[in-house]
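Student: after the sequence you'll find the predicted model.
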Amino acid sequence: MSINIQNLNLSLSSSEILKNISLNLQDNEFHSLVGLSGAGKSQFIRTLADLNHVAQPSPIRNNVSFVFQNSQLIPWLTAFENIKICSSVSEEHIDHLFKEFNLSEYKHFKPKQLSGGMQQRVSLIRALAHKNDLLLMDEPFSSLDLINRKSNQDYLLNYWQKNKGTILFISHDIDEALFLSQHIHFLSRKKKTITHSFKIEQAYPRDYLSFKSSPEYQRIYTELFNLLKEDDENA
Amino acid sequence: MRRLDFFGIIPWVLAWELISRFVIKDPQLFPGFIEIIGNTWQLLFVNQKLPPHFASSGYRLVIAFLFSAPLAYLLAVLSAGQKQARFFLNPLITATYPLPKVALIPLVLLFFGTGDLSKIILIGLGIFYLIYINTYFGAVFILQSSLQDVIEVYKVRSYHFWYTYLTRGSFKSFLVGVKAGAGYGLTLVVVSEMSLSQSGLGYFIWSAWDSFRILDMYSGIFIIGVLGYIMNNFCDWLISKASQAE
C-alpha cells in the first residue's frame, strides 16, 4: 500500500512550520528526510502520526509505528511489558523479536537497567511488533555513540531486508541517511518544504566503508552538504 | 542515611534532659527525657496500661487506611484519566478539601454515633484527600509527559491504559500521599479519641491530663512521636523502593 502525501501544510501557534510538502512512499521503501535543526523534520512526522493535535488531521489513514528520539520507554515497565502494552501480537512473536535484536536476556529488565543503545532497540522492537503500514523514526540513534549507532543501524537494516516494510527515517546526519536509505529528501529550513530528493542505487547489504568511497556516495553527500550549508546561510 | 537521621535526635534529647534538670527544674511540669522513657517502659511492659490503647488507635488507623487509601487511589486515577469523572469529582474535592476535618466531628457523630465507626470515618476522610490529591497530580503529570505520545501512537486503551500505564505509573505519587495521610491520620486518631472515646492513645493522653498524671501524658505523647517516626520512615522506605523499581 503506497502512501501519498499531498501539499501538507502545518502551522503551530500561528507560525508556519511546513508548506506544501508532497511525498510519495511506495511499499517496502526506505526513505530518509534530512535537514537542519529547526527545519521541521520532527514536526513533519509528528503530523503524520497525528501527534501535533492540530485541527487538520494526519493526511494518511494508515497505521503507523513511531521510534522516538529518546526511546520513550515507560520506566516502570520491563522491556517486555513495554512491548506488550503497545501490541496485540503473540508473546511468541515478541520473544522472537527480542531474539532477533539480541535482547532475549534483557527482556525482563527495566529501561534504566539497559544501555542507551539497548533502550533504542527495545523501542524499535515495540514499533515492529505493532502492526503498521509505515514506520516513522525520529533521529532514533542520534544520542548514541558511534559503535552503538552502527550496531543499531545494522539491526534495523537486517530486519528490514528480511521483513520489508515502509520506513521514513529522520536524520540530521547525511552519512547515516545515505547508508540506510533508498531515497533521501531534503527539507529546507528556509523554504519550509522538501526541495530536493535523491535516489540511491547502491544495493543492500551495503558495506559501510566501500559504499562511503563510492562515487555515488561522494556525489550525493557533497550535494546534500552544500544544500545544508546554503540553507544555514540563508536562514 | 536513615541511621544518621536517627542519631540526629540525640542532641535534642540531651537538650531536653538538660533543660528539665537545670532550667525548668519542675518534674511535675517538665519531666526529664530519661524519666519519660522509664515511665513509658513501665506502661508498655510492666503494668501494660498502654498496649490496649495503642491497639485501639492502631486498629482505627489501619481500618481507616484500608477503606480510604484504595478508594482515593482509584478515584484519583479515574479522575485524571477521564473527563467526565474529573467533571464530577474535582469541584467536590476542591470545595471540601479546605474544610478542617476536626470541624466535621459533630456531623460525623450525628450520623454515625459515638462508636468506632465515626472515628474511622473521620480519620478515613482526612487520609482520603491527601492520597487523592497526590495521586491525581501524579497521574496528570504522566498524562502530560512525552510518554503520552507512545500511548497515542500505539492506541493503548482499556486495561493497559488504566492499569499498566496510569495506575502503576502513579503508584509512587500514591505512596507520597500515603506518607502525608499517615501523619495526618495519626493527628485525627488522637483528636477524635480525645473527644469521643474510652480507649486509644488520644483518650489515654486526655485522661492522664484530666487526672493530672503528667508523666503518663508525656509518655502518651512520646509513643505517638515514636509511632509517627516509624510510619514516616516506613513510607520513605516504600517510596525509595518504588523509585528504585522505575
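Tutor: Yes, it's here.
Student: give the contact list for B:Trp209.
Tutor: For B:Trp209, the contacting residues are B:Met217, by C-beta atoms under 8 Å, 6 or more residues apart in numbering or on different chains. Any C-beta I mention is one placed from the backbone N, CA and C, and that applies to glycine too.
Student: which SSE is it in?
Tutor: Applying DSSP states H and E as the criterion places B:Trp209 in helix B:201-210.
Student: how far off centre is that helix?
Tutor: 20 Å (C-alpha atoms, centre = their mean, to the nearest Å).
Student: now the element after it, going C-ward?
Tutor: Using DSSP H and E, the helix or strand that follows helix B:201-210 towards the C-terminus is helix B:214-244.
Student: which of the residues in that next one are buried?
Tutor: Neighbour-count burial for helix B:214-244, counted by 16 or more other C-beta atoms under 10 Å in any protein chain shown, picks out B:214-224, B:227, B:231-232, B:235-236, B:238-239, B:242.
Student: of these, list those near chain A.
Tutor: Cross-checking the buried residues of helix B:214-244 against chain A (C-beta under 8 Å from any C-beta of the partner chain) gives no overlapping residues.
Student: okay, which residue is most central for chain B?
Tutor: Using C-alpha atoms, centre = their mean, the residue of chain B that lies closest to the mean C-alpha position is B:Ala182, 1.5 Å off.
Student: who touches that one in this structure?
Tutor: Applying C-beta under 8 Å, 6+ apart to B:Ala182 gives the contacts B:Leu61, B:Phe65, B:Ile127, B:Gly228, B:Met231, B:Asn232, B:Cys235.
Student: repeat that for A:Arg46.
Tutor: So A:Arg46 contacts A:Asn52, A:Asp138, B:Asp149 (C-beta under 8 Å, 6+ apart).
Student: got it, and A:Ser151?
Tutor: Applying C-beta under 8 Å, 6+ apart to A:Ser151 gives the contacts A:Gly117.
Student: just the C-alpha atoms of the helix or strand that contains it, please, in PDB.
Tutor: Per DSSP H and E, A:Ser151 falls inside helix A:146-163. Extracted in PDB, the C-alpha atoms of helix A:146-163 (Å, rounded to 0.1, in the frame of the first residue of the first chain):
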ATOM      1  CA  LEU A 146      29.400   5.600  17.100                       C
ATOM      2  CA  ILE A 147      29.700   1.900  17.800                       C
ATOM      3  CA  ASN A 148      26.100   1.600  19.200                       C
ATOM      4  CA  ARG A 149      24.800   3.700  16.400                       C
ATOM      5  CA  LYS A 150      26.400   1.500  13.800                       C
ATOM      6  CA  SER A 151      25.200  -1.600  15.600                       C
ATOM      7  CA  ASN A 152      21.600  -0.400  15.800                       C
ATOM      8  CA  GLN A 153      21.700   0.700  12.100                       C
ATOM      9  CA  ASP A 154      22.800  -2.900  11.200                       C
ATOM     10  CA  TYR A 155      20.000  -4.400  13.300                       C
ATOM     11  CA  LEU A 156      17.500  -2.200  11.600                       C
ATOM     12  CA  LEU A 157      18.800  -2.900   8.100                       C
ATOM     13  CA  ASN A 158      19.000  -6.600   8.700                       C
ATOM     14  CA  TYR A 159      15.400  -6.700   9.900                       C
ATOM     15  CA  TRP A 160      14.100  -4.500   7.100                       C
ATOM     16  CA  GLN A 161      15.900  -6.600   4.400                       C
ATOM     17  CA  LYS A 162      14.300  -9.800   5.800                       C
ATOM     18  CA  ASN A 163      10.800  -8.500   6.600                       C
END
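Student: neighbours of whichever residue of chain B sits closest to chain A, how many?
Tutor: Relative to chain A, the nearest point of chain B is B:Tyr154 (3.6 Å; C-beta to the nearest C-beta). Look at B:Tyr154: counted by other C-beta atoms under 10 Å in any protein chain shown, it has 23 neighbours.
Student: does the residue nearest to A:Ile194 when sequence neighbours are not counted belong to a helix, a strand or coil?
Tutor: Counting by C-beta to C-beta, 6 or more residues apart in numbering or on different chains, A:Ile194 lies nearest to A:His185, which is 4.8 Å off, once chain neighbours are set aside. Classification of A:His185 using DSSP: H, G, I helix; E, B strand; the rest coil returns strand.
Student: and what of B:Leu29?
Tutor: Three-state call for B:Leu29 (three-state DSSP): coil.
Student: for it, phi and psi?
Tutor: phi -90, psi -40 (degrees, to the nearest 10).
Student: just the pLDDT for it.
Tutor: B:Leu29 carries a pLDDT score of 89 in this model.
Student: same question, B:Leu201
Tutor: So, for B:Leu201, pLDDT stands at 94.
Student: name the element the closest residue to it other than its chain neighbours belongs to?
Tutor: Nearest residue to B:Leu201 in three dimensions, chain neighbours excluded: B:Ser57, at 4.4 Å (C-beta to C-beta, 6+ apart). With secondary structure defined by DSSP H and E, B:Ser57 is part of helix B:50-81.
Student: now do the contacts for the residue of chain B closest to chain A.
Tutor: Contacts of B:Tyr154 by C-beta under 8 Å, 6+ apart are A:Ser65, A:Ile85, A:Cys86, A:Ser87, A:Arg126, A:His130.
Student: ok, B:Val108 next?
Tutor: Going by C-beta under 8 Å, 6+ apart, the list of residues near B:Val108 reads B:Ser118, B:Ile121, B:Leu122.
Student: tell me the buried residues in the helix holding A:Ser151?
Tutor: Residues of helix A:146-163 classed as buried: A:Asn148, A:Arg149, A:Lys150, A:Ser151, A:Asn152, A:Gln153, A:Tyr155, A:Leu156, A:Leu157, A:Tyr159, A:Trp160 (neighbour count, 16+ other C-beta under 10 Å).
Student: next one: stretch B:81-90
Tutor: For stretch B:81-90, using 16+ other C-beta under 10 Å, the buried residues are B:Gly81, B:Arg86, B:Leu89.
Student: for residue 87, phi and psi?
Tutor: The chain I'm using is chain A. Backbone torsions of A:Ser87, given as degrees, to the nearest 10, read phi -140, psi 150.
Student: what's the first helix or strand after the helix holding A:Ser151?
Tutor: Next element after helix A:146-163 (DSSP H and E): strand A:167-171.
Student: near chain B, which residues of chain A?
Tutor: A:46, A:49-51, A:64-66, A:68, A:70, A:72, A:74-77, A:81, A:84-87, A:110, A:112, A:126, A:130.
Student: now, those residues that are in strands?
Tutor: A:Val64, A:Ser65, A:Phe66 (DSSP state E).
Student: and the gap between the last one and A:Lys84?
Tutor: Read it as A:Phe66. 17 Å (C-beta to C-beta, to the nearest Å).
Student: the more surrounded of the two?
Tutor: Neighbour totals were compared for A:Phe66 and A:Lys84, and A:Phe66 leads with 26 against 18 (other C-beta under 10 Å).
Student: I'd say that one and A:Leu48 touch.
Tutor: No. Contact criterion C-beta atoms under 8 Å: A:Phe66 and A:Leu48 do not qualify, at 9.1 Å.
Student: thank you kindly, that will do.
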